[in-house]
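Colleague: Provided below for reference: sequence and predicted model.
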Amino acid sequence: MTKHKLLMVVFVSMVLGACTKITPPKQQTPTMVPEQTPIPTINTLTWTDEAGFVFSYPGTIKVTTDSNDNTSYANLTTTDGLKIMAIDSKYKDVSAWVKGEAKFKDGVIIDSELSGKPGKKVVKGGMTTIGIIDDNILFTLEYSTDSKSSTQITDSFTLTYPTPMPAAKTAPVDSGDEVVLEEEVVE
(Lines give C-alpha, C1' and ligand atoms only; values in the text may rest on other atoms or scores of the structure.)
Protein backbone atom coordinates (compact mmCIF):
# COMPACT_ATOMS: atom_id res chain seq x y z
CA MET A 1 0.00 0.00 0.00
CA THR A 2 2.86 2.39 0.74
CA LYS A 3 4.40 1.52 -2.62
CA HIS A 4 1.13 2.43 -4.23
CA LYS A 5 1.09 5.84 -2.45
CA LEU A 6 4.72 6.44 -3.33
CA LEU A 7 4.07 5.69 -7.02
CA MET A 8 1.08 8.01 -6.96
CA VAL A 9 3.13 10.89 -5.48
CA VAL A 10 5.89 10.36 -8.06
CA PHE A 11 3.35 10.27 -10.89
CA VAL A 12 1.60 13.48 -9.74
CA SER A 13 4.98 15.22 -9.36
CA MET A 14 5.96 14.22 -12.91
CA VAL A 15 2.67 15.47 -14.33
CA LEU A 16 2.99 18.80 -12.52
CA GLY A 17 6.60 19.16 -13.61
CA ALA A 18 5.64 18.48 -17.22
CA CYS A 19 2.86 21.07 -17.04
CA THR A 20 5.24 23.77 -15.87
CA LYS A 21 7.67 22.95 -18.69
CA ILE A 22 4.91 23.03 -21.32
CA THR A 23 3.23 26.24 -20.10
CA PRO A 24 5.50 29.22 -20.77
CA PRO A 25 5.78 31.72 -17.94
CA LYS A 26 3.56 34.74 -18.24
CA GLN A 27 5.41 37.75 -19.53
CA GLN A 28 4.66 41.03 -17.89
CA THR A 29 3.25 43.53 -20.27
CA PRO A 30 5.05 46.83 -20.01
CA THR A 31 2.91 49.49 -18.41
CA MET A 32 2.59 52.73 -20.24
CA VAL A 33 3.73 55.69 -18.20
CA PRO A 34 1.57 58.65 -19.12
CA GLU A 35 3.49 61.61 -20.35
CA GLN A 36 3.28 64.37 -17.80
CA THR A 37 2.29 67.71 -19.16
CA PRO A 38 3.84 70.64 -17.38
CA ILE A 39 1.46 72.60 -15.20
CA PRO A 40 1.67 76.29 -15.90
CA THR A 41 2.85 78.19 -12.87
CA ILE A 42 1.03 81.28 -11.80
CA ASN A 43 3.10 84.11 -10.47
CA THR A 44 2.28 84.54 -6.78
CA LEU A 45 2.57 87.96 -5.18
CA THR A 46 2.60 88.92 -1.51
CA TRP A 47 0.68 91.83 0.00
CA THR A 48 2.04 93.23 3.25
CA ASP A 49 -0.30 95.70 4.88
CA GLU A 50 0.53 98.34 7.48
CA ALA A 51 -2.59 97.26 9.39
CA GLY A 52 -0.66 94.19 10.52
CA PHE A 53 -1.35 91.37 8.08
CA VAL A 54 0.13 89.70 5.04
CA PHE A 55 -1.28 87.37 2.37
CA SER A 56 -0.30 85.90 -0.97
CA TYR A 57 -2.43 86.12 -4.09
CA PRO A 58 -2.23 85.12 -7.76
CA GLY A 59 -0.40 87.60 -9.97
CA THR A 60 -3.34 87.48 -12.37
CA ILE A 61 -5.43 89.67 -10.06
CA LYS A 62 -4.87 93.17 -8.73
CA VAL A 63 -5.36 94.49 -5.20
CA THR A 64 -6.61 98.04 -4.70
CA THR A 65 -7.05 100.15 -1.59
CA ASP A 66 -9.90 102.53 -0.88
CA SER A 67 -8.02 105.76 -0.30
CA ASN A 68 -11.25 107.60 0.63
CA ASP A 69 -11.88 105.38 3.65
CA ASN A 70 -10.79 107.15 6.83
CA THR A 71 -12.53 104.79 9.28
CA SER A 72 -10.64 101.54 8.71
CA TYR A 73 -7.06 100.40 9.10
CA ALA A 74 -7.33 98.48 5.84
CA ASN A 75 -9.93 98.42 3.08
CA LEU A 76 -8.75 96.28 0.16
CA THR A 77 -10.53 94.84 -2.85
CA THR A 78 -9.24 92.35 -5.42
CA THR A 79 -10.27 92.37 -9.06
CA ASP A 80 -12.15 89.11 -8.53
CA GLY A 81 -14.28 90.64 -5.77
CA LEU A 82 -12.61 89.62 -2.51
CA LYS A 83 -12.77 92.38 0.11
CA ILE A 84 -10.48 92.61 3.14
CA MET A 85 -11.22 94.99 6.01
CA ALA A 86 -9.51 95.79 9.31
CA ILE A 87 -11.55 98.06 11.57
CA ASP A 88 -11.92 98.86 15.25
CA SER A 89 -14.24 96.25 16.72
CA LYS A 90 -17.29 97.25 18.70
CA TYR A 91 -17.73 93.58 19.67
CA LYS A 92 -15.93 91.67 22.41
CA ASP A 93 -15.67 88.45 20.35
CA VAL A 94 -16.65 86.95 16.99
CA SER A 95 -19.83 85.36 18.36
CA ALA A 96 -21.08 88.80 19.38
CA TRP A 97 -20.00 90.15 15.96
CA VAL A 98 -22.05 87.55 14.07
CA LYS A 99 -25.10 88.13 16.30
CA GLY A 100 -24.76 91.90 16.06
CA GLU A 101 -24.64 92.16 12.26
CA ALA A 102 -28.11 92.24 10.66
CA LYS A 103 -26.70 91.16 7.28
CA PHE A 104 -25.82 87.75 8.77
CA LYS A 105 -29.41 86.99 9.84
CA ASP A 106 -30.49 83.63 8.39
CA GLY A 107 -26.93 82.89 7.24
CA VAL A 108 -25.11 79.62 7.88
CA ILE A 109 -22.62 80.25 10.69
CA ILE A 110 -19.60 77.97 10.99
CA ASP A 111 -16.76 78.02 13.52
CA SER A 112 -13.64 78.87 11.59
CA GLU A 113 -10.04 79.97 11.94
CA LEU A 114 -7.98 82.65 10.28
CA SER A 115 -4.28 83.21 10.96
CA GLY A 116 -4.49 80.67 13.78
CA LYS A 117 -7.15 82.71 15.58
CA PRO A 118 -10.67 81.41 16.28
CA GLY A 119 -13.22 83.02 14.02
CA LYS A 120 -16.58 82.66 12.35
CA LYS A 121 -17.50 81.99 8.75
CA VAL A 122 -20.90 83.16 7.56
CA VAL A 123 -22.32 81.88 4.27
CA LYS A 124 -25.37 83.67 2.91
CA GLY A 125 -26.69 84.48 -0.55
CA GLY A 126 -23.64 83.34 -2.50
CA MET A 127 -21.29 85.32 -0.26
CA THR A 128 -18.88 84.09 2.40
CA THR A 129 -17.52 86.28 5.19
CA ILE A 130 -14.76 85.15 7.54
CA GLY A 131 -13.99 87.25 10.59
CA ILE A 132 -11.65 87.26 13.56
CA ILE A 133 -11.13 89.76 16.34
CA ASP A 134 -7.62 90.31 17.58
CA ASP A 135 -6.35 93.16 19.74
CA ASN A 136 -9.80 94.82 19.42
CA ILE A 137 -9.49 94.89 15.63
CA LEU A 138 -12.04 93.09 13.48
CA PHE A 139 -10.43 91.50 10.41
CA THR A 140 -12.90 90.35 7.74
CA LEU A 141 -12.51 88.67 4.37
CA GLU A 142 -15.64 88.70 2.23
CA TYR A 143 -15.94 86.99 -1.14
CA SER A 144 -18.43 85.46 -3.53
CA THR A 145 -18.52 81.73 -4.18
CA ASP A 146 -17.02 82.26 -7.64
CA SER A 147 -13.93 84.10 -6.36
CA LYS A 148 -10.86 82.40 -7.81
CA SER A 149 -8.38 83.81 -5.28
CA SER A 150 -10.34 83.30 -2.05
CA THR A 151 -8.76 79.98 -1.07
CA GLN A 152 -5.20 81.15 -1.63
CA ILE A 153 -5.75 84.44 0.19
CA THR A 154 -7.62 82.97 3.18
CA ASP A 155 -5.11 80.12 3.53
CA SER A 156 -2.13 82.49 3.47
CA PHE A 157 -3.65 85.35 5.51
CA THR A 158 -1.39 85.91 8.52
CA LEU A 159 -1.43 88.54 11.23
CA THR A 160 1.98 90.18 11.54
CA TYR A 161 1.47 92.77 14.23
CA PRO A 162 2.42 94.09 16.54
CA THR A 163 4.21 95.74 13.71
CA PRO A 164 7.87 96.27 14.41
CA MET A 165 8.68 99.70 15.75
CA PRO A 166 11.02 101.76 13.61
CA ALA A 167 14.60 101.67 14.83
CA ALA A 168 15.31 104.28 17.44
CA LYS A 169 17.08 107.28 16.03
CA THR A 170 20.42 108.13 17.54
CA ALA A 171 22.27 111.38 17.23
CA PRO A 172 25.63 112.48 18.55
CA VAL A 173 25.50 115.03 21.34
CA ASP A 174 28.42 117.41 21.83
CA SER A 175 29.58 117.26 25.44
CA GLY A 176 33.15 118.31 25.14
CA ASP A 177 35.62 115.59 24.16
CA GLU A 178 33.27 112.71 24.85
CA VAL A 179 30.74 111.48 22.27
CA VAL A 180 27.44 110.31 23.76
CA LEU A 181 24.63 108.71 21.78
CA GLU A 182 21.09 109.41 22.87
CA GLU A 183 18.15 107.20 22.06
CA GLU A 184 14.63 108.37 21.45
CA VAL A 185 12.20 106.09 23.25
CA VAL A 186 8.92 105.66 21.38
CA GLU A 187 5.99 104.30 23.34
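Modeller: Nice, thanks for sending it over. Residues are numbered from 1 along each chain as shown.
Colleague: So W97: helix, strand or coil?
Modeller: helix (DSSP: H, G, I helix; E, B strand; the rest coil).
Colleague: again, but for M85
Modeller: strand.
Colleague: now it: how far from L141?
Modeller: 8 Å (C-beta to C-beta, to the nearest Å). In this view, the C-beta of every residue, glycine as well, is placed from N, C-alpha and C.
Colleague: Could you do K99 as well?
Modeller: 19 Å.
Colleague: Please apply the same query to S150.
Modeller: From S150 to L141 the distance is 8 Å (C-beta to C-beta).
Colleague: what touches both of the two?
Modeller: By the contact definition C-beta atoms under 8 Å, 6 or more residues apart in numbering, S150 and L141 are jointly contacted by L82.
Colleague: about what we covered before: looking at K99 and L141, which one has more neighbours?
Modeller: For K99 versus L141, the count of surrounding residues by other C-beta atoms under 10 Å is larger for L141: 23 against 12.
Colleague: does that one sit in a helix or strand, and which one?
Modeller: Applying DSSP states H and E as the criterion places L141 in strand 137-144.
Colleague: List the buried residues in the helix or strand following that strand.
Modeller: Moving toward the C-terminus from strand 137-144, the next helix or strand (DSSP H and E) is helix 150-156. For helix 150-156, a neighbour-count test (16 or more other C-beta atoms under 10 Å) marks 150, 152-154 as buried.
Colleague: For helix 150-156, name the packing helices and strands.
Modeller: Where contact means 3 or more C-beta pairs under 8 Å, 6 or more residues apart in numbering; DSSP states H and E, helix 150-156 is packed against strand 53-58, strand 137-144.
Colleague: Sheet-wise, list the partners of the shortest one with their directions.
Modeller: In this case it means strand 53-58. strand 44-49 (antiparallel), strand 158-159 (antiparallel) (DSSP bridges).
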